[in-house]
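# Sequence first, predicted model second:
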Amino acid sequence: MSIFSQVSVALALVTAISGASALTNPRHHFNNGECFYGQALDAPSSARTIDLSASKHINAEYGEVLRFVSGGKTFTWQFNGLDRLAVDLQLIAPDGFDAKSAKVHVAPNPLTRW
């Protein structure tokens, strides 16, 4: 299966699934166990902080680490999974985090061309 076909299948799957956490839902993972969207991290000092009370649509570079803040809670995510996606933050946010229907638009990976 070509990379384009794999990405198309993954995008269709992502579009069809809603309301479940990507961290616990195996349908949001590749066969190797990695999440389609990247991975949760401890917040490094270099992470860009996003206050969800002020942002609903966030742009992220491929591989960028973002720290999300909402209602006094935080979590940090590195967007190094599939690129060219609009990721519903509710899919990756931990339980109890108010994602406020925010979406993160992940830019293309500069190392891949197709």
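Everything's here; your move. Numbering: from 1, shown residues only.

# Surely residue 71 and residue 99 touch.
No. Checked against CB atoms under 8 Å, the pair residue 71 and residue 99 is beyond contact range at 10.2 Å. The way it works is simple: take the backbone N, C-alpha and C, and place the C-beta from them, glycine included.

# In terms of neighbours, single out the busier of the two.
For residue 71 versus residue 99, neighbours defined as other CB atoms under 10 Å are more numerous around residue 99 (19 against 11).

# Please name the nearest non-neighbouring residue to the more buried one.
residue 89 (3.9 Å; CB to CB, 6 or more residues apart in numbering).

# my guess is the one you found contacts residue 102, does it?
Yes. At 4.3 Å, residue 89 and residue 102 qualify as touching, with contact defined as CB under 8 Å.

# how many neighbours does the residue lying closest to residue 82 once chain neighbours are set aside have?
Setting aside the residues directly before and after it, residue 82 is nearest to residue 36 in space (CB to CB, 6+ apart), at 5.2 Å. Applying other CB under 10 Å, we find 21 other residues in the vicinity of residue 36.
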